[in-house]
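**Student:** 3D, please:
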Amino acid sequence: MTYKLIKNGHLIDGTGNQVFHEAAILLNGNRIEVVGKLSEMKIPEEGIEEIDAQGGYILPGLIDTHVHIAMQIKDIRETLKTPFALKFYEAIGYMKNTLNAGVTTVRDAGFADFGIKQAVENRLVAGPRMQLSINPLTITGGHGDSWMRSGLDITAKSYPGMPEGICDGPEQVRQRVREMLRAGAEVIKVHATGGVMSPTDHPEFTQYSQEELSIIVEEATFRRGIKVMAHAQGAEGIKNAVRAGIHSIEHGIFLDDEAIQLMLEKGTYLVPTLLAPVSVVEASKMNESMPDYAVKKAAEIVEVHKESIAKAYQAGVKIAMGTDAGVMAHGTNLRELGLMCEIGMSPMEAIAATTKVAAECLGWDEQIGTVEAGKLADIIITKNNPIEDIRSLENTDNIVVVIKDGIIEKNLTFKTL
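**Tutor:** Model (predicted):
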């Protein structure tokens with residue numbers, strides 16, 4: 001069957017518009033053909049598959065702009081004895097869990113290679129649509145360098161398809177950008193500051209100079225039209241990244257007024273990942289998977305992180321949803337929306353940040369992010385009204401239908417709403 005008809009639902013189309021009741025959507029292959037009321041549609045007489053939303057809520061496929069689909073934090077002792085190839089098989093489950101949560105597109109912020117993306121595109125495995133960064137660029141001793149003071153180095157090893165990310169100075173960063181692009185990077189990821197999960201730095205430490213960051217932007221954006229995303233937590237590193245022309249700031253924990261003003265002037269996106277430090281602290285109470293240095297830093301920043309993102313939101317900075325999934329379990333991504341509402345966003349704004357704005361951040365807004373005729377058929381149906389209860393999205397059992405690229409990836413029958 002080429003056609004699919006979704007009917008008897010309430011549509012939240014991702015644009016920020018009000019809920020459209022008694023909505024129907026006609027899909028033709030992998031495209032949305034018509035959106036409107038069933039009574040006003042011309043429906044093919046044959047070859048059509050019907051999906052009854054049963055009064056549920058229809059949304060665009062959701063987008064997480066900051067995940068690590070090829071990893072999930074585990075105890076260091078477990079990491080040390082894990083065979084190299086096992087991570088590719090583990091990623092199959094991570095991708096399935098992501099889809100199961102209604103997330104049909106992700107921007108991978110590090111460690112997924114082109115082969116993983118191709119496996120999904122060739123339908124060898126089920127997974128979200130991906131925009132790849134390959135391997136983040138980081139300074140020696142910075143965030144992304146997991147060399148321990150004991151001399152043990154657990155930094156992820158390079159291999160064909162995953163060039164080394166550690167680089168210092170103008171010429172090395174230029175070369176590394178070229179290597180990531182050669183390996184299939186669709187966005188370049190750079191660590192502009194230290195971070196929570198690295199053993200020998202702090203989130204406020206500034207890493208690359210503005211000159212080095214500008215070279216990264218020159219090689220990626222000016223030469224190839226490829227955007228750059230920056231892990232940036234401390235204020236000075238954030239400002240260096242924005243001045244250098246970097247497209248999105250990831251985390252933004254210690255934003256000051258000057259940084260916020262610069263982001264407004266440059267049109268820079270902010271990807272908050274509010275869930276990341278919260279999940280590190282939570283995990284430390286349940287098991288020993290999180291190293292002590294990470295737990296200590298995460299506990300220090302949870303509240304200042306919320307305050308920082310709230311200030312940016314109130315000032316009008318463009319916010320796209322991202323979680324840092326991999327630091328927490330894949331499939332728990334939609335907890336981020338509740339946290340976004342806690343800092344002042346409305347449920348509709350949080351949904352728009354996870355659909356329309358996220359698609360714009362990826363540069364894919366002509367294809368995904370809203371339920372509109374002509375766009376790719378990425379659709380989810382949820383039992384509950386997320387405008388009334390945004391946290392209902394956290395329960396993946398409430399996400400009853402997931403369609404990606406016109407293909408039904410999840411279909412749970414439900415009797416009552």
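
**Student:** quick one, phi/psi of Val103?
**Tutor:** phi -90, psi 110 (degrees, to the nearest 10).

**Student:** now swap in Ala353 and tell me
**Tutor:** Note on Ala353: backbone dihedrals following degrees, to the nearest 10 are phi -70, psi -20.

**Student:** next: Asn411.
**Tutor:** According to degrees, to the nearest 10, Asn411 has phi -150, psi 100.

**Student:** the residue lying closest to Met180 once chain neighbours are set aside: how many residues sit nearby?
**Tutor:** Among residues not flanking Met180 along the chain, Ile134 sits closest, at 4.7 Å (Cβ to Cβ, 6 or more residues apart in numbering). Where C-beta positions appear, they are placed from N, C-alpha and C, glycine not excepted. When neighbours are counted by other Cβ atoms under 10 Å, Ile134 registers 27.

**Student:** can I assume Ile134 is in contact with Arg182?
**Tutor:** No - taking Cβ atoms under 8 Å as the definition, Ile134 is not a contact partner of Arg182, at 9.3 Å.

**Student:** overlap in contacts, the two.
**Tutor:** Pro163 (Cβ atoms under 8 Å, 6 or more residues apart in numbering).

**Student:** the lengthiest helix in the chain packs against which elements?
**Tutor:** Looking across the chain with DSSP state H, the single longest helix is helix 292-315. Using 3 or more Cβ pairs under 8 Å, 6 or more residues apart in numbering; DSSP states H and E as the contact criterion, the elements in contact with helix 292-315 are helix 257-266, helix 275-286, strand 318-319, helix 335-342.

**Student:** next, the angle helix 275-286 makes with that helix.
**Tutor:** On the basis of axes from the mean of the first three to the mean of the last three Cα atoms, to 10 degrees, helix 292-315 is oriented at 150 degrees to helix 275-286.

**Student:** which residues does the residue nearest to Met180 contact?
**Tutor:** Contacts for Ile134 (Cβ under 8 Å, 6+ apart) come out as 110, 112-114, 161-163, 180, 183-185, 189.

**Student:** with Leu274 instead?
**Tutor:** Counting by Cβ under 8 Å, 6+ apart, the residues that Leu274 touches are 305-306, 309, 336, 339-340, 343.

**Student:** any chance you could read off phi and psi for it?
**Tutor:** According to degrees, to the nearest 10, Leu274 has phi -60, psi -30.

**Student:** pLDDT below threshold where in this structure?
**Tutor:** When residues are selected by pLDDT under 70, those of the chain lie in 1, 413-417.

**Student:** domain parsing for it?
**Tutor:** The domain map for the chain lists 3-61+370-411, 62-362, with the assignment taken from automatic domain parsing.

**Student:** please compute how far the longest one lies from its chain's middle.
**Tutor:** To tie it back to what came earlier, the one meant is domain 62-362. Chain-centre distance of domain 62-362: 8 Å, with Cα atoms, centre = their mean, to the nearest Å.

**Student:** thinking again about what came up before, got JSON lines for the helices and strands packed on helix 292-315, with mean neighbour count too?
**Tutor:** Shown next, in JSON lines, are these (neighbours: other Cβ atoms under 10 Å):
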{"stretch": "helix 257-266", "mean neighbour count": "17"}
{"stretch": "helix 275-286", "mean neighbour count": "19"}
{"stretch": "strand 318-319", "mean neighbour count": "21"}
{"stretch": "helix 335-342", "mean neighbour count": "21"}
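
**Student:** now render the ones you listed as CSV, adding distance to Gly245.
**Tutor:** Below are the helices and strands packed on helix 292-315 laid out as CSV (distance: least, Cβ to Cβ, whole Å):
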stretch, distance to Gly245
helix 257-266, 7
helix 275-286, 25
strand 318-319, 15
helix 335-342, 26
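
**Student:** how long is stretch 46-55 end to end?
**Tutor:** 25 Å (Cα to Cα, to the nearest Å).

**Student:** which other residues reach it?
**Tutor:** 1-10, 381, 401, 408, 411, 414, 417.

**Student:** do the same with stretch 337-347
**Tutor:** Stretch 337-347 has contacts (Cβ under 8 Å, 6+ apart) with 272, 274-275, 278, 306, 309-310, 313-314, 319, 321, 349-351, 353-354, 386-388, 390-391, 393-394.

**Student:** buried subset of these as a PyMOL selection?
**Tutor:** The PyMOL command for the buried members of these (criterion: 16 or more other Cβ atoms under 10 Å) is given here:
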select buried, resi 272+274+275+278+306+309+310+313+319+321+349+350+351+353+354+386+387+390+391+393+394
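
**Student:** could you give me the buried positions within stretch 235-244?
**Tutor:** Residues 235-242, 244 are the ones in stretch 235-244 that count as buried (16+ other Cβ under 10 Å).

**Student:** can you pull out the helices in the stretch 301-417 of the chain?
**Tutor:** 335-342, 347-353, 356-362 (DSSP state H, counting those that start in this stretch).

**Student:** adding distance to Val103, write those helices out as a markdown table.
**Tutor:** As requested, the helices of the stretch 301-417 of the chain are exported to a markdown table (distance: least, Cβ to Cβ, whole Å):
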| stretch | distance to Val103 |
| --- | --- |
| helix 335-342 | 10 |
| helix 347-353 | 13 |
| helix 356-362 | 10 |
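
**Student:** so which of those is nearest Tyr57?
**Tutor:** Among the helices of the stretch 301-417 of the chain, the nearest to Tyr57 by Cβ to Cβ is helix 347-353 (10.0 Å).

**Student:** check which helix or strand covers the residue of the chain positioned farthest from its centre.
**Tutor:** Going by Cα atoms, centre = their mean, the residue of the chain most distant from its centre is Glu45, 39.7 Å out. For Glu45, there is no host helix or strand (DSSP states H and E).

**Student:** of all the helices of the stretch 301-417 of the chain, which lies closest to Leu264?
**Tutor:** Of these, nearest to Leu264 by Cβ to Cβ is helix 356-362, at 15.0 Å.

**Student:** so which elements touch the closest one?
**Tutor:** On a contact count with 3+ Cβ pairs under 8 Å, 6+ apart, helix 356-362 meets strand 62-67, strand 103-108, strand 269-271, strand 318-319.
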